[in-house]
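Enquirer: dropping a prediction and its sequence here:
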Amino acid sequence: MEWPDYGFYYLVNEISHHWQVSVWIWQKQQVAFADDVTHVIPAMAYYAGMMSASGQKSVLFYKEDSAIFTCSVSAADAIERIGSLRMAHQRHLVLSCQRDKVVCFTNDGEHIGIDLEWSELKPDTSWRVLQAGKRADKLDLTNPVPLYRAVGVLSVLWLIYMALDYAWLNSKHSAIKDEVNVLQAEVQDVLDARSHFQDVSKNMEQINGALDQQQQLVGYLDELLSALSPEVVIERLSYKDSVVTLRGAATDSNQFLESLTSMTSVDSARLLGEITFNNDGMQVFRAEVRLKNP
């Protein structure tokens, strides 16, 4: 019989390097949903995913309306056989399950009417069963498991971006740090040059000041030699900060002081201490002469 519009659902298992595919097919016109759904899963497959006998052979007795179906599952969680339970072989299957200690499950233990020890189904079906029934055009926010792969890929891409961004920022930081070190070295060179220039300028000012003082002293000495009379003898002369201290002998110390005062380069002049006489009868004096600013 050809179905014009059908739906299907399948589960895939890998067993000893071989693929096993279990497929359910139905006519879409016979299946209608009141609400917009995100997953379409056959009830038998849904209950099979709730079986919790991993590592043991198990069987699901699935009741739908008045019909009972069986779904045998291997120890590797692969569906081995699906069939309809008829009265002719019902007793044989029950005895086989009891003899081989098969773990038995059912979706309706109260009304199925089979004398077996039922194991409890898990509260939720497995992720593998849910993922197989996921509709491609729907987003199920209540089951984020299918989004883990996309989130994982985005997380890896984000980590790669962060790593590249960090590497770029680190390289820029290193380049900026090198530039700062170069600028600091250049600034230090400028500061050293400025300090050297200031030291040289200070030394030049001191040298120029000393030269000016020497010139002033030379000019004063020239004028002193011209102004003093031959009777004046200068024995000692010292100079500091525009002040000249003279020591010597003269026939008339007061006349000598007047001569000093009349000199153009002299601001003021005075005798220091008392006047004494030497063996030649000349007055021995000490005089302080303050020179004018040049």
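Expert: That came in fine, so what should we check first? Predicted, not measured: the structure shown is a model, and the values here were computed from it.
Enquirer: CA atoms for contacts and neighbours, from now on please.
Expert: Fine.
Enquirer: what's across from residue 81 in the sheet?
Expert: Residue 81 has the following beta-bridge partners by DSSP bridges: residue 72.
Enquirer: for the chain, where's the lowest mean pLDDT among helices and strands?
Expert: Least confident helix or strand of the chain, by mean pLDDT, DSSP states H and E, is helix 87-99 with a mean of 76.
Enquirer: helix or strand right after that helix?
Expert: Next helix or strand after helix 87-99 toward the C-terminus (DSSP states H and E): strand 103-106.
Enquirer: dump that following strand to PDB, restricted to CA.
Expert: Extracted C-alpha coordinates of strand 103-106, given in PDB (Å, rounded to 0.1, in the frame of the first residue of the first chain):
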ATOM      1  CA  VAL A 103      14.500  -7.400  32.900                       C
ATOM      2  CA  CYS A 104      10.900  -6.600  32.100                       C
ATOM      3  CA  PHE A 105       9.300  -3.200  31.700                       C
ATOM      4  CA  THR A 106       5.800  -2.100  30.800                       C
END
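Enquirer: give the buried residues for the least confident helix or strand of the chain.
Expert: Using 16 or more other C-alpha atoms under 10 Å as the test for burial, helix 87-99 gives residue 97.
Enquirer: check stretch 121-132 too.
Expert: 121, 125, 126, 129, 130, 131.
Enquirer: report the distance from it to the chain centre.
Expert: 43 Å (C-alpha atoms, centre = their mean, to the nearest Å).
Enquirer: look up how far residue 120 lies from residue 47.
Expert: Computed as C-alpha to C-alpha, to the nearest Å, the residue 47 to residue 120 distance reads 11 Å.
Enquirer: neighbour-wise, which of the two wins?
Expert: A count of neighbours by other C-alpha atoms under 10 Å puts residue 47 above the other of residue 47 and residue 120, at 24 against 16.
Enquirer: list the residues that contact that one.
Expert: Neighbouring residues of residue 47 by C-alpha atoms under 8 Å, 6 or more residues apart in numbering: 60, 107, 121, 125.
Enquirer: do you know how far it is from residue 73?
Expert: From residue 47 over to residue 73 the distance is 12 Å, taken as C-alpha to C-alpha.
Enquirer: hang on, the earlier thing: how about the CA coordinates for the least confident helix or strand of the chain, as CSV?
Expert: Provided in CSV are the C-alpha atoms of helix 87-99 (Å, rounded to 0.1, in the frame of the first residue of the first chain):
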residue,chain,number,x,y,z
MET,A,87,-2.1,-15.4,23.0
ALA,A,88,-0.5,-18.2,21.1
HIS,A,89,3.0,-17.3,22.2
GLN,A,90,2.3,-15.2,25.2
ARG,A,91,3.0,-18.0,27.7
HIS,A,92,6.1,-19.0,25.9
LEU,A,93,7.5,-15.5,26.0
VAL,A,94,6.7,-15.1,29.7
LEU,A,95,8.4,-18.4,30.6
SER,A,96,11.4,-17.3,28.5
CYS,A,97,11.7,-14.0,30.3
GLN,A,98,11.5,-15.8,33.7
ARG,A,99,14.0,-18.5,32.8
